[in-house]
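Enquirer: Everything below, folded, please.
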Amino acid sequence: MEQATFYPELAEGPANGSAYWVHAKDGVRLRVGLWRAEQPRKGTVFLFPGRAEYVEIWGRTASAFNELGYTTIVIDWRGQGLAERFTDDRRTGHVNSFSDFQMDVAAMVQAAEELDLPKPWNLVGHSMGACIGFRALTEGLPVEACAFTAPMFDIHLSAVERMAAWPLTWAAQALGKGHSYAPGYTGETYVLKNDFKNNRLTTDSEMYQYWVDQAEAQSDLQIGGPSMGRLFQALKETKSLSKVRSPAVPCIAFCGDQDEVVSISAIQNRMERWPDGQFQLIHGAKHELFLESSEARERILSQICDLFSTTFIDANVA
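Expert: Presented below is the predicted three-dimensional model:
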């Protein structure tokens, strides 16, 4: 695989970080980032980012996993980060169909195989990445366990907003306007448009500044608001997944009790239907749980690694 552009000084991850260009089966160019763990090695974390996220924003989280013995591989989904984008205005957060993300997942798995990443493999999915990950699990993603933070099992919308969103976004797609911004959004990067006091991502000012610094240093990594088409596809995918049986994979899910991005009730409902699932509501936390306070991050990492350690032990016994 060809070495890809990578900004280690922004990521603040382990010193051995690298990135590669990979291609989905439809030819779309994607980017994967990799931080290999030193000894002891407990396996690999497949990290599925949320909307508007990219490899470098996960550098500090990769450091935490690295210290615990896990290699981390993360992807720039199509339409964001340094992956290929699809609109004349490259700041538009757009995807043609959520099913396209499964081609990105397949390319990531192939890259992990070619890089001979240590097993067992486990999944960590955040927000939109958890939605993509859930679909991938139902289609046989080869991981032993999974952890989701603020999983987008549904979007946080009022009843009135939801009633308006369906016909509005459907009509935009039908009329060839699916690439236009959803109402209330522009091409501005969220963390540059909103100061810490008014943000809905984290209660930790230093972690919020971490994202701001990256956005100011490398604008090419950023996107703005979602397109009408993307919003329609997200509503369609979450509705479809709500009817799917939970996979037979151990799972733990977390959500902040101040989250205003995803639907907390949808997460609770899903985890109640997950045979080997757990749910933790993190008090005093917002949406970006891996950019939250050190206390919240440590609690979440500890519980994730407790789950993943079980798969490591089982793999070694087998």
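
Enquirer: going forward, measure contacts and count neighbours with C-alpha atoms only.
Expert: OK.

Enquirer: which stretches of the stretch 201-318 of the chain have low pLDDT?
Expert: Within the stretch 201-318 of the chain, the stretches with pLDDT under 70 are 312-318.

Enquirer: That one: helices as residue ranges?
Expert: 205-217, 228-241, 264-272, 294-317 (DSSP state H, counting those that start in this stretch).

Enquirer: Apart from its neighbours in sequence, what residue is nearest the residue minimising distance to the centre of the chain?
Expert: Compute the mean C-alpha point of the chain, and by CA atoms, centre = their mean the closest residue is residue 49, 2.1 Å away. The shortest distance from residue 49 to any non-neighbouring residue, by CA to CA, 6 or more residues apart in numbering, is to residue 129 (4.9 Å).

Enquirer: and residue 31, what are its bridge partners?
Expert: For residue 31, the beta-bridge partners are residue 21, residue 76 (DSSP bridges).

Enquirer: Show me where the stretch 51-200 of the chain has its helices.
Expert: Under DSSP H, counting those that start in this stretch, the stretch 51-200 of the chain gives helices at 59-67, 101-114, 128-138, 159-174, 190-193.

Enquirer: Among those helices, which comes closest to residue 247?
Expert: helix 128-138 (5.9 Å; CA to CA).

Enquirer: which ones are touching residue 166?
Expert: Residues in contact with residue 166 (CA atoms under 8 Å, 6 or more residues apart in numbering) are 232, 235.

Enquirer: rewinding a little: could you dump the helices of the stretch 51-200 of the chain to CSV with distance to residue 308?
Expert: Putting those into CSV (distance: least, CA to CA, whole Å) gives the following:
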stretch, distance to residue 308
helix 59-67, 11
helix 101-114, 18
helix 128-138, 16
helix 159-174, 37
helix 190-193, 32
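
Enquirer: Which of those helices sits closest to residue 236?
Expert: Residue 236 sits nearest to helix 159-174 of all those, at 8.9 Å, using CA to CA.

Enquirer: how about that closest one: buried residues?
Expert: Residues of helix 159-174 classed as buried under the neighbour-count rule (16 or more other CA atoms under 10 Å) are 165, 168-173.

Enquirer: cool, stretch 11-29 as well?
Expert: Of all the residues in stretch 11-29, those buried under the rule 16+ other CA under 10 Å are 11-14, 17-24, 28-29.

Enquirer: nearest to residue 115, of these?
Expert: residue 20 (10.4 Å).

Enquirer: For that closest one, which residues are in contact?
Expert: Counting by CA under 8 Å, 6+ apart, residue 20 has contacts 1-5, 31-33.

Enquirer: which of these tops the neighbour count?
Expert: Counting neighbours by other CA atoms under 10 Å, residue 31 leads the contacts of residue 20 with 28 neighbours.

Enquirer: do you know how far that one is from residue 202?
Expert: Note on residue 31: its distance to residue 202, by CA to CA, to the nearest Å, is 26 Å.

Enquirer: One more: residue 144?
Expert: Plainly put, residue 144 is 30 Å away from residue 202 if you go by CA to CA.

Enquirer: Same drill for the two, tell me which one is more crowded.
Expert: residue 202 (24 against 21).

Enquirer: quick one, what contacts that one?
Expert: 208, 285-289, 291-292.

Enquirer: again, 6 Å this time
Expert: The contact partners of residue 202, taken as CA atoms under 6 Å, 6 or more residues apart in numbering, are 286, 288, 292.

Enquirer: How about the second one: what's its closest non-neighbour residue?
Expert: In other words, residue 288. The nearest residue in space to residue 288 (CA to CA, 6+ apart) is residue 201, at 5.2 Å.

Enquirer: Tell me how many other residues crowd the one you found.
Expert: Going by other CA under 10 Å, the residues that sit close to residue 201 add up to 23.

Enquirer: So what does it look like in phi/psi?
Expert: For residue 201, the backbone dihedrals (degrees, to the nearest 10) come out as phi -100, psi -40.

Enquirer: What of residue 49?
Expert: Dihedral angles (degrees, to the nearest 10) for residue 49: phi -70, psi 170.

Enquirer: From what I see, it and residue 127 are in contact.
Expert: No - Residue 49 is beyond contact range of residue 127, at 7.3 Å (criterion: CA atoms under 6 Å).

Enquirer: in stretch 116-133, what counts as buried?
Expert: By 16+ other CA under 10 Å, the buried positions in stretch 116-133 come out as 117-133.

Enquirer: Quick one: end-to-end distance for it.
Expert: 21 Å.
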